[in-house]
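Peer 1: pasting the sequence and the predicted coordinates here, then a few questions.
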Amino acid sequence: MPDPILVADSATKAYADLVALAPLDLTVPAGQMVALVGHNGSGKSTFLRLASGLLDLSAGAITVAGAPAGTPDARAAVSFLPDEPVLYDDLSVREHLAYVAALHGVDLSGDDLEELIEVVGLAARADDLPSQLSRGLRQRTSIALGLVRPFQLLLVDEPFVGLDAGGKRALLGILDELHADGAAIVVATHDPSFVERVQRCVALRDGEVVHDGPATTDDVLRFVS
């Protein structure tokens, strides 16, 4: 089995008396694609934010590529796509991508930039500001931003919300291609059709793992209810 890219060891997050994530043990090997499912408030987003370094653990540990989550080495290995797009009001889609590429030292030439814009279906809106974009188009922009930077682990939180059928197909194709190229991918989702595409589904309920393995549509409906 490949070396682990993501390891949670009794990872816990609590807010006073509210436990958002119970002591969680989870290992994701390099190159594996995982569906993370559960009802709203089950701990999916909390776990992804802990792994990306956006939240601090209350107890336990999470490592990414062997480095503690949130440290520079861990952050360099992970790209996180949040459920709510975070965009600058005064930058167009094209300017967002060029800016993020420069921040991460990525040489995004004109052709490469235009190809990425085309892949996510934003060619006709590349010069628009976020205020001119629908929720789905902002989501596509967020997805493109997450793909600009280099990473070994991609963490994605509810990516299909707001996407039309074409956007969903494009994103599924991108995820398949990234997986084929060796990236590890963890996608938090309620979408049964995605779960049935992957070999591993991890289900959370009230911050605890209640399933780890293949899953069917019926399983997903049970986990999210």
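Peer 2: Thanks, I have the structure now.
Peer 1: burial measure for V224, as a count.
Peer 2: When neighbours are defined as other CB atoms under 10 Å, V224 has 16 of them. C-betas here are computed from N, CA, C, even on glycine.
Peer 1: what secondary structure does A20 sit in?
Peer 2: Per DSSP: H, G, I helix; E, B strand; the rest coil, the secondary structure class of A20 is strand.
Peer 1: just H39 next, same as before
Peer 2: When classified by three-state DSSP, H39 comes out as coil.
Peer 1: and for it, nearest residue in space, chain neighbours not counted?
Peer 2: Spatial nearest neighbour of H39, excluding adjacent residues (CB to CB, 6 or more residues apart in numbering): V224 at 5.0 Å.
Peer 1: so the residue most central in space within the chain: helix, strand or coil?
Peer 2: With distances taken as CA atoms, centre = their mean, V156 lies nearest the centre of the chain, 1.3 Å away. Assigned with three-state DSSP, V156 falls in the strand class.
Peer 1: residues contacting the residue nearest to L154 when sequence neighbours are not counted?
Peer 2: Spatial nearest neighbour of L154, chain neighbours left out: I185 (4.7 Å); criterion: CB to CB, 6+ apart. By CB atoms under 8 Å, 6 or more residues apart in numbering, I185 lies in contact with 32-34, 153-154, 156, 175, 178-179.
Peer 1: how far off centre is the longest helix along the chain?
Peer 2: Across the chain, the helix with the greatest residue count (assigned by DSSP state H) is helix 165-180. Relative to its chain's centre, helix 165-180 lies at 13 Å (CA atoms, centre = their mean, to the nearest Å).
Peer 1: buried sites along that helix?
Peer 2: Residues of helix 165-180 classed as buried: 167-168, 170-172, 174-175, 178-179 (neighbour count, 16 or more other CB atoms under 10 Å).
Peer 1: swap in stretch 180-194?
Peer 2: Buried residues in stretch 180-194, counting neighbours by 16+ other CB under 10 Å, are found at 183-192, 194.
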